[in-house]
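Trainee: fold the following.
(4 chains)
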2 protein chains.
Amino acid sequence: MKTPTSFKGKSHHTVNEAGRVSIPSKFRDVLKTKYGDESLTLVTLGSHIAAFPTKEWQKLEETWETNPPKDSKGKKFLRYLYSTAEDCTIDKQGRILVPNMLRESTGLNSECVIVGHMNKIEIWPKDKWEKEFEDINVKNLFDSISEEFPELNL
Amino acid sequence: MKTPTSFKGKSHHTVNEAGRVSIPSKFRDVLKTKYGDESLTLVTLGSHIAAFPTKEWQKLEETWETNPPKDSKGKKFLRYLYSTAEDCTIDKQGRILVPNMLRESTGLNSECVIVGHMNKIEIWPKDKWEKEFEDINVKNLFDSISEEFPELNL
DNA sequence: TATTATTTGTCATAAAATGTCATATATTGG
DNA sequence: CCAATATATGACATTTTATGACAAATAATA
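Mentor: Numbering: from 1, shown residues only, chains lettered A, B, ... in the order given. Now for the predicted structure:
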């Protein structure tokens, strides 16, 4: 199959005691073919970890460099974001080491859910993902959102 | 891994009785590869110490030379900033000695948090960092900032 | 079911951070 | 100016954490 150019799908994984997690091979394929390498930049985004292909992260950095936030809240947010950011590489077995700091701040311990979302990969602690997307919530979502996504003909 | 060109990430360190602190090796890598040496210029920036690669500090100096502050408040601030500035080097073990003056003015004693923020490194007394970025604060930050950072898809 | 690819567990090794002590340099008071 | 004290620097040992290698288990495919 031709490798897609976006990250999508969901899978369950385990985080071992050292903090290592496997990155699904289909995501590694996207990294290799679309981005040329397997480097990721991780940040804490609320209740989950966002893993950007490093090139995508650098694009974000350029955005903020050329157009820095002017208000103190924006500056504070950016300082926080940078403080949670870590570069990492995928090893020969297809794993990354999630730095301790990020595991702590998101409560990532043993079980996680890895999902693709457009140009980034997200790593969620299993319980938080499930809380966010319980069946009941998803049902309500569909009921209330149809007019915002006319292109889907919900 | 290819060395990044910005400082990012956060880690906890101890300041020993002599006032020495380790600079994370990933930051030393950025210093070596991007700036060519491991020299830093430290200044007090409110509740924390900012450690600029000396070349970055020199760029700031040029800015102020060609475009000095015209109002008395700006002049006063710059005088203060220069008064707190100290050059220092990283030793063979990857540590710096934080001058007593800077430790006193920021309340840096035993535990600290070292964070990367774009083109500079910041050294925060642990308690001050935590006060600034308590969970509740971060939660509020995320809730109120999403429209200002559309590129993150928060 | 057999074969292959992917994911995960475990151990060995390497690197980083830090505590401790010895020595050197600077500061202060007599 | 010299002695006494404080401060800074260097060297080394210990602990902690990250990385690499390999094998076992699981899942996907033919």
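Trainee: only C-alpha atoms from now on, for both contacts and neighbour counts.
Mentor: Fine.
Trainee: enumerate every residue touching the residue of chain A found nearest DNA strand D.
Mentor: In chain A, the residue that lies nearest DNA strand D is residue A:99 (5.0 Å; C-alpha to the nearest atom of the strand). Neighbour list for residue A:99: A:19, A:86 [criterion: C-alpha atoms under 8 Å, 6 or more residues apart in numbering or on different chains].
Trainee: run a quick neighbour tally on residue A:11.
Mentor: By the criterion of other C-alpha atoms under 10 Å in any protein chain shown, residue A:11 has 12 neighbours.
Trainee: in contact with it: list those residues for me.
Mentor: A:24, A:113-115.
Trainee: among the residues you listed, who's most crowded?
Mentor: Among the contacts of residue A:11, residue A:114 has the most neighbours (other C-alpha under 10 Å), with 26 neighbours.
Trainee: which residues does it bridge with?
Mentor: residue A:11, residue A:123 (DSSP bridges).
Trainee: from residue A:135, how far off is the residue nearest to residue A:28 when sequence neighbours are not counted?
Mentor: Among residues not flanking residue A:28 along the chain, residue A:38 sits closest, at 6.6 Å (C-alpha to C-alpha, 6 or more residues apart in numbering or on different chains). Remark: distance between residue A:38 and residue A:135 (C-alpha to C-alpha, to the nearest Å) = 34 Å.
Trainee: helix/strand/coil for residue A:37?
Mentor: coil (DSSP: H, G, I helix; E, B strand; the rest coil).
Trainee: give me the number of residues near residue A:128?
Mentor: Per other C-alpha under 10 Å, the neighbour tally for residue A:128 reads 16.
Trainee: what does residue A:65 give?
Mentor: Neighbours of residue A:65 using other C-alpha under 10 Å come to 11.
Trainee: any idea how far it is from residue A:58?
Mentor: 10 Å.
Trainee: same question, residue A:133
Mentor: Plainly put, residue A:133 is 30 Å away from residue A:58 if you go by C-alpha to C-alpha.
Trainee: among these two, which residue is more densely surrounded?
Mentor: Neighbour count, other C-alpha under 10 Å: between residue A:133 and residue A:58, residue A:58 has more, with 16 against 12.
Trainee: so what touches the strand or helix carrying the more buried one?
Mentor: When elements are defined using DSSP states H and E, residue A:58 is found to belong to helix A:54-66. Residues outside helix A:54-66 that contact it (C-alpha under 8 Å, 6+ apart): A:35, A:39-41, A:87, A:119, B:151.
Trainee: can you lay out those as a markdown table showing distance to DNA strand C, pLDDT and neighbour count?
Mentor: Shown next, in a markdown table, are these (distance: C-alpha to the nearest atom of the strand, whole Å; pLDDT from 0 to 100; neighbours: other C-alpha atoms under 10 Å in any protein chain shown):
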| residue | distance to DNA strand C | pLDDT | neighbour count |
| --- | --- | --- | --- |
| A:35 | 18 | 94 | 16 |
| A:39 | 15 | 95 | 23 |
| A:40 | 16 | 96 | 23 |
| A:41 | 18 | 97 | 20 |
| A:87 | 14 | 96 | 23 |
| A:119 | 18 | 93 | 14 |
| B:151 | 28 | 88 | 11 |
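Trainee: restricted to strands, list those.
Mentor: Here DSSP state E is the test, and those give A:39-41, A:87 as lying in strands.
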